[in-house]
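**Student:** mind looking at a prediction? Sequence and model below.
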Amino acid sequence: MQHYRFVGPLIHFGVAQKREYVELERYARRENIEVEDVVLNLGNSNPVYESGFPLHSILTKLNQLESRWDFRESQDAGSFVCNALYYFSLRDNVERLFIHVPMMDKGEAIALGSLIGNFFA
């Protein structure tokens, strides 16, 4: 099996069902990975990886846009799939960002995706 590495910046998205706001995740933590077969393959990797994106600046600018969304920083990407994905992604390259979004309908998802896509374009 061939392993592919993305060279440039990459943004991941996940759904945080109980939140009413959009969270940009700063950290991914090894200790939060609870899937046993994944944990066994971690070896002596770093306990925490931090996004290389300037989150404070990004959040300030996103919250100045005229949108219905409230953007916040999070220091905890969770303890299952989102955190594990983010951890392995940051391990390869710190030019990664994970964004948790609330549950929404298709129209809202398209609007938010367009807003974020245009912001980073």
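**Tutor:** Great, that's in hand.

**Student:** all the helices of this structure, residue numbers only.
**Tutor:** Listed in chain order, the helices of the chain (DSSP state H) span 36-40, 55-64, 81-92, 106-120.

**Student:** what sits against residue 100?
**Tutor:** 13, 14, 15, 16, 19, 22, 23, 25, 74, 77, 78, 82 (Cβ atoms under 8 Å, 6 or more residues apart in numbering). Every residue, glycine included, has its C-beta placed from N, CA and C.

**Student:** tell me, what residue is most central in the chain?
**Tutor:** With distances taken as Cα atoms, centre = their mean, the residue of the chain nearest its centroid is residue 98 (0.8 Å).

**Student:** mark which of the contacts of residue 100 are buried, thanks.
**Tutor:** 14, 16, 22, 23, 25, 74, 77, 78, 82 (16 or more other Cβ atoms under 10 Å).

**Student:** with respect to residue 64, which of those residues is nearest?
**Tutor:** residue 22 (14.3 Å; Cβ to Cβ).

**Student:** my guess is the residue nearest to the centre of the chain contacts residue 25, does it?
**Tutor:** Yes. With contact defined as Cβ atoms under 8 Å, residue 98 counts as touching residue 25 (4.2 Å).

**Student:** quick check: neighbours shared by the two?
**Tutor:** 51, 77, 82, 86.

**Student:** can you tell me which of the residues you listed is closest to residue 45?
**Tutor:** Using Cβ to Cβ, the shared contacts of residue 98 and residue 25 come closest to residue 45 at residue 86, 13.4 Å.

**Student:** and the closest one, how far is that from residue 117?
**Tutor:** Distance from residue 86 to residue 117, counting by Cβ to Cβ, to the nearest Å: 19 Å.

**Student:** now swap in residue 73 and tell me
**Tutor:** Counting by Cβ to Cβ, the gap from residue 73 to residue 117 is 20 Å.
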